[in-house]
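**Q** Fold the following and give me the result.
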Amino acid sequence: MRINMYGWNQDLEDSFKTHYENGLIPARILVEHRGMYKVITEQGELDGINSGKLYYENDKEALPTVGDWVAVTPIDGEDKVVIQYVLPRKSQFVRKIAGTTTEGQVVAANFDYVFIVASLNNNFNINRLERYLTTAWESGAEPVIILSKADLCNNTNERLIEVENIAFGVSTYAISSLEGIGISQIKRYFQEGKTSVVLGSSGVGKSTLINTLCGEEILKVNEAREGDDRGRHTTTHRQLIILEDGGMVIDTPGMRELGLWSEGEEGNALSDTFTDIDELAKRCRFRDCTHSNEPGCAVLEAIDSGELERGRLDNFNKLKRELRFIEGKKNARVRLEEKKKMKAMFKKYRR
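**A** Down below sits the predicted model:
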């Protein structure tokens, strides 16, 4: 069965019974580009479009994205299907849409690992890595940090220690796709039936890494700009690629802006990223300590003693404020939408 190669299993088969009874068939989203899709079914790769009901009755987070399993209706005489339902996701990467709009965008779904790629050149940034790590924990999958372009770095070991000091318990690898450094270490994640999503800023080497794992150049690669090592956008759409060993990887466009969206279902994404601060906070005198100027603050004491860097606390507070702001905006939007629904309902009732 073709879809078995893409992760279809008995649990998914059992959950699909009602859809089979309604004449629908399963498919997985391989490519999403401006609302158009490529899906894999038992009949092979087909084009996909959203049904009107799916599009108009759901917000953007509920619409299909790369990696989603969906229930589709084939169109007779055409190599096309209509997407009717999105199956429940086991994991998803959601970011805030760039700009002032308070909406979430699901970038990828149903993956087992999140590969956070950061380059060991002038574009290396610990604060940005903490932001990606928070989003990775939020997704529900296991994060893995990849430090690319190790062949261009003279202090790789120092960078590894710097990352390991902020990414507790997260496997971290220094690699060079061009030189083959560290590639054998990360291949173990790409097992048959397992899906990984690759995240990172433009120019960090995501496409080069995927080409190396595939053994051929299937993705276009652009050089980073001279002077500042900032990358140019290479990938322009999201896509799921199956590797020779049966593993799958979702490539995503590089992001200039990664807006946090939520603290996850368990509300612990920040705690997972900043476990050192979380543990210190348990020793504070006051349970609601803000770690600003309270007496008996264990976090501030750790900064004074050199155990914790001030910059790490500053970044923690910045991300926390951002999440609270987004949560407030989302709640306000929900209240406004509910108010509009109630107004429309009363208007209809009066008529």
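**Q** So which bits of stretch 299-309 are buried?
**A** 299-300, 302-303, 308 (16 or more other Cβ atoms under 10 Å). No exception for glycine: its C-beta is placed from N, CA and C like everyone else's.
**Q** Nearest to Leu152 among the residues you listed?
**A** Leu308 (30.5 Å; Cβ to Cβ).
**Q** Quick check: closest non-adjacent residue to the closest one.
**A** Nearest residue to Leu308 in three dimensions, chain neighbours excluded: Ala302, at 4.0 Å (Cβ to Cβ, 6 or more residues apart in numbering).
**Q** Make sure that neighbour is actually in contact with Arg310.
**A** No: assessed by Cβ atoms under 8 Å, Ala302 is found out of contact with Arg310, at 10.2 Å.
**Q** Not counting residues beside it along the chain, what's closest to Val107?
**A** Per Cβ to Cβ, 6+ apart, closest to Val107 is Phe93, 4.7 Å.
**Q** Val144 bridge partners, please.
**A** Phe115 (DSSP bridges).
**Q** quick one on the thing from earlier: quick one: the residue nearest to Val107 is in a strand?
**A** Yes: counting by DSSP: H, G, I helix; E, B strand; the rest coil, one finds Phe93 located in a strand.
**Q** count of neighbours near it?
**A** Using other Cβ atoms under 10 Å, Phe93 has 25 neighbouring residues.
**Q** Was I right to think it contacts Thr195?
**A** No: the criterion here is Cβ under 8 Å, and Phe93 misses it with Thr195 at 11.7 Å.
**Q** what touches both of these two?
**A** Common contacts of Phe93 and Thr195 (Cβ atoms under 8 Å, 6 or more residues apart in numbering): Phe111.
**Q** low-confidence ranges in the chain?
**A** 1, 96-104, 216-237, 254-269, 325-349, 351 (pLDDT under 70).
**Q** Show me the helices in it, by range?
**A** 10-15, 17-21, 52-56, 126-139, 156-164, 183-186, 206-214, 269-273, 275-281, 298-305, 310-350 (DSSP state H).
**Q** Export those as TSV, with columns for distance to Leu147.
**A** As requested, the helices of the chain are exported to TSV (distance: least, Cβ to Cβ, whole Å):
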stretch	distance to Leu147
helix 10-15	35
helix 17-21	43
helix 52-56	40
helix 126-139	9
helix 156-164	6
helix 183-186	11
helix 206-214	11
helix 269-273	17
helix 275-281	20
helix 298-305	26
helix 310-350	19
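**Q** Which of those helices sits closest to Pro88?
**A** For these, the distance to Pro88 is smallest for helix 10-15, at 7.8 Å, taking Cβ to Cβ.
**Q** For the stretch 101-250 of the chain, which segments are assigned as strands?
**A** Ranges of strands within the stretch 101-250 of the chain are 104-109, 113-119, 142-148, 172-174, 195-199, 238-242, 248-251, based on DSSP state E, counting those that start in this stretch.
**Q** so which of these is the most packed in?
**A** Comparing the strands of the stretch 101-250 of the chain by mean neighbour count (mean count of other Cβ atoms under 10 Å), strand 195-199 ranks first with a mean of 26.
**Q** Determine how far it lies from the middle of the whole chain.
**A** Centre-to-centre, strand 195-199 and its host chain are 8 Å apart (Cα atoms, centre = their mean, to the nearest Å).
**Q** same check, this time on stretch 272-284
**A** 24 Å.
**Q** List the buried residues of it.
**A** Quick answer for stretch 272-284 (16+ other Cβ under 10 Å): 272-274, 276-278, 280-281, 284.
**Q** Out of the residues you listed, which comes closest to Glu142?
**A** Asp272 (10.9 Å).
**Q** Is the closest one in contact with Trp137, as I believe?
**A** Yes: between Asp272 and Trp137 a contact is recorded at 4.0 Å, counting by Cβ under 8 Å.
**Q** how about the strands of the stretch 101-250 of the chain, which one is nearest Arg34?
**A** So among the strands of the stretch 101-250 of the chain, strand 238-242 is nearest, using Cβ to Cβ, at 11.0 Å.
**Q** Within the sheet, what are the partner strands of the closest one, with directions?
**A** Paired with strand 238-242 in the same sheet, following DSSP bridges, are strand 25-33 (antiparallel), strand 248-251 (antiparallel).
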